[in-house]
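Engineer: Sequence below, structure please.
(one chain, ligands or ions: 1)
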Amino acid sequence: MLFQAIVATVRENVEAKKMEGRYVYQFCLSGDNGGDFFISIANNKCEVREGLAVTANLTVNVSDANFVSFLDGKLNPTTAVMTGKIKIKGDISLAMKLQSLLGQEMTAEGSAGPRVQKVGAHTYAVTNLYHTGLVEVNAGFVVTPSAVISIDAGMTVSDGAFLWQVSHQLVPDRRKSLLILTHHHSDHTFGMRIFREQGAEVIAHAHVREFLEEDQGRYKAFIIEHYMASQEEGDRILGEVVLSLPDRLIEEDTLLDLDGEEIHLLATPGHVSSELSVYCPGSKVLFAGDTIYEGMPPNTQFAGAAEKAEWVRQLRRLRKLEIKAIVPGHGKVCGKDEIDRNIALIESDK
Ligand SMILES: [Zn+2]
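Structural biologist: A predicted model of the protein is given here:
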């Protein structure tokens with residue numbers, strides 16, 4: 001497809017769309033039929049123009065061929081970003097709107113894939129990551145001028161890679177990457193390999209280390225045996241998973257300071273004893289791990305009466321924080337109401 005035809009197709013797709021907000025997408029297409037064009041959105045109107053915009057909120061670099069595949073619905077944008085076929089720079093929360101803008105809405109069947117959402121100043125939630133069970137898992141990240149602080153790593157190495165890519169393209173000059181594990185469970189840790197290989201420092205509760213020290217690959221084998229349809233499916237989805245021990249251990253509440261951005265690591269045992277919650281007072285966002293579930297009952301199968309009582313005590317403590325958004329381990333980004341709902345359900349769980 002020639003560049004003019006590509007632009008004409010985009011124009012056809014977007015000009016009738018009503019999009020809220022005011023922002024500019026810049027596209028830089030490489031290849032024989034490449035070129036630059038941008039879509040500006042303002043006053044519920046979308047306009048497509050060739051060339052470079054004066055300023056852009058999100059810049060997309062992609063080859064002409066891959067962009068045409070994307071327009072045809074043949075290239076999954078999430079995978080394309082992960083494998084570097086599409087490179088995006090700028091406000092990534094806008095990237096998620098691109099699919100619907102360009103007419104590439106995913107079908108309702110199957111997973112819609114991860115969703116990246118800005119939940120506060122330089123604070124992002126990633127929801128809807130792959131899970132072997134019925135409920136997707138969440139993660140998130142905070143960026144400072146020189147560091148990326150990731151919270152949880154997803155359940156697969158490919159989701160770990162997605163989390164790495166989407167968070168680190170915001171901070172090209174980063175000097176430091178941290179991965180905080182909210183607890184040791186597979187759906188929060190199995191994607192950690194990529195973070196490890198890229199040199200991130202892994203921080204977790206001391207009980208995560210105790211659990212993993214005895215592991216020797218048994219946990220992965222257990223998950224495949226109990227939660228996957230077959231060994232083959234397990235190998236296909238979890239084959240690349242490699243767990244490693246955390247670098248820094250937390251046993252009590254700990255304050256991290258990165259470029260003046262405070263990150264509070266709060267020991268909140270209950271769901272399991274290795275549970276950490278991550279509170280960012282700057283953005284008033286709480287990454288709760290499995291201390292808080294949204295829209296579903298909290299999973300109490302690992303907790304006895306004493307652990308449940310401790311869990312409730314920790315939830316009451318979290319409720320005292322000033323909170324604008326909670327990123328739960330599972331479910332949608334939510335508000336403080338969910339804390340009360342979780343307390344009521346844990347207390348009535350006998
Ligand atoms: Zn979980």
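Engineer: alpha carbons only for contacts and neighbour counts from here, please
Structural biologist: Noted.
Engineer: Give me the residues contacting the host helix or strand of Arg209.
Structural biologist: Secondary structure assignment for Arg209, by DSSP states H and E: helix 206-213. Residues outside helix 206-213 that contact it (Cα atoms under 8 Å, 6 or more residues apart in numbering) are 183-184, 243-246, 249-251, 273-274.
Engineer: Closest one to Val119 out of the residues you listed, please.
Structural biologist: His183 (21.9 Å; Cα to Cα).
Engineer: List the buried residues for stretch 237-245?
Structural biologist: Within stretch 237-245, the residues that qualify as buried are 237-239, 241-245, counting by 16 or more other Cα atoms under 10 Å.
Engineer: ignore the last one, stretch 42-57
Structural biologist: 45-48, 53, 56-57.
Engineer: What distance do you get for Val126 to Met192?
Structural biologist: Remark: distance between Val126 and Met192 (Cα to Cα, to the nearest Å) = 15 Å.
Engineer: what about these two, which has more around it?
Structural biologist: Neighbours per residue, other Cα atoms under 10 Å: of Val126 and Met192, the larger number sits with Met192, 28 against 25.
Engineer: Spit out the contact partners of the residue lying closest to that one once chain neighbours are set aside.
Structural biologist: If the residues on either side of it in the chain are set aside, Met192 comes closest to Ala153, at 5.2 Å by Cα to Cα, 6 or more residues apart in numbering. Contact partners of Ala153, counting by Cα under 8 Å, 6+ apart, are 139, 159-160, 163, 179, 181, 188-192, 195.
Engineer: For Ala153, what are phi and psi?
Structural biologist: Here is the backbone geometry of Ala153 (degrees, to the nearest 10): phi -120, psi 10.
Engineer: Select the longest helix from this protein.
Structural biologist: helix 305-319 (DSSP state H).
Engineer: Identify the residue nearest the geometric centre of this structure.
Structural biologist: For the chain, the residue nearest the mean C-alpha position is Val126 (2.6 Å; Cα atoms, centre = their mean).
Engineer: Please identify the helix or strand for Ser177.
Structural biologist: strand 176-180.
Engineer: Tell me which residues of that strand come out buried.
Structural biologist: 177-180.
Engineer: The closest residue to Val333 other than its chain neighbours: how many residues sit nearby?
Structural biologist: Counting by Cα to Cα, 6+ apart, Val333 lies nearest to Val327, which is 4.9 Å off, once chain neighbours are set aside. Residues lying near Val327 (other Cα under 10 Å) number 29.
Engineer: in a strand, that's where Arg11 is, yeah?
Structural biologist: No. Applying DSSP: H, G, I helix; E, B strand; the rest coil, one finds Arg11 to be helix, outside a strand.
Engineer: List the beta-bridge partners for Cys28.
Structural biologist: Per DSSP bridges, the residues bridged to Cys28 are Asp36, Asn61.
Engineer: mind checking how far it is from Arg209?
Structural biologist: 45 Å.
Engineer: before we move on, what about Asp32?
Structural biologist: From Asp32 to Arg209 the distance is 52 Å (Cα to Cα).
Engineer: Tell me the secondary structure of Thr127, please.
Structural biologist: Following three-state DSSP, we place Thr127 in the strand state.
Engineer: Over to Pro328?
Structural biologist: Classification of Pro328 using three-state DSSP returns strand.
Engineer: And this structure, what are its domain boundaries?
Structural biologist: Recorded structural domains for the chain (assignment: automatic domain parsing) are 3-101, 115-347.
Engineer: Just checking the distance from the shortest one to the centre of its chain.
Structural biologist: To tie it back to what came earlier, the one meant is domain 3-101. Domain 3-101 sits 22 Å away from the centroid of its parent chain (Cα atoms, centre = their mean, to the nearest Å).
Engineer: measure that domain end to end?
Structural biologist: 19 Å.
Engineer: for the longest one, same thing?
Structural biologist: Taking Cα to Cα, domain 115-347 runs 32 Å from one end to the other.
Engineer: Tell me the gap between it and the middle of its chain.
Structural biologist: 10 Å.
Engineer: Return, as residue ranges, the portions of the stretch 101-250 of the chain with sub-threshold pLDDT.
Structural biologist: Low-confidence segments of the stretch 101-250 of the chain (pLDDT under 70): 103-112.
Engineer: Report the separation between His188 and Asp159.
Structural biologist: For His188, the distance to Asp159 - Cα to Cα - is 11 Å.
Engineer: picking up where we left off before, need the contacts of Ala153 in JSON lines (columns: secondary structure and distance to Val10).
Structural biologist: Shown next, in JSON lines, are the contacts of Ala153 (DSSP: H, G, I helix; E, B strand; the rest coil; distance: Cα to Cα, whole Å):
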{"residue": "Ala139", "secondary structure": "strand", "distance to Val10": "32"}
{"residue": "Asp159", "secondary structure": "helix", "distance to Val10": "29"}
{"residue": "Gly160", "secondary structure": "helix", "distance to Val10": "31"}
{"residue": "Leu163", "secondary structure": "helix", "distance to Val10": "28"}
{"residue": "Leu179", "secondary structure": "strand", "distance to Val10": "38"}
{"residue": "Leu181", "secondary structure": "coil", "distance to Val10": "41"}
{"residue": "His188", "secondary structure": "helix", "distance to Val10": "38"}
{"residue": "Thr189", "secondary structure": "helix", "distance to Val10": "39"}
{"residue": "Phe190", "secondary structure": "coil", "distance to Val10": "38"}
{"residue": "Gly191", "secondary structure": "coil", "distance to Val10": "35"}
{"residue": "Met192", "secondary structure": "helix", "distance to Val10": "37"}
{"residue": "Phe195", "secondary structure": "helix", "distance to Val10": "36"}
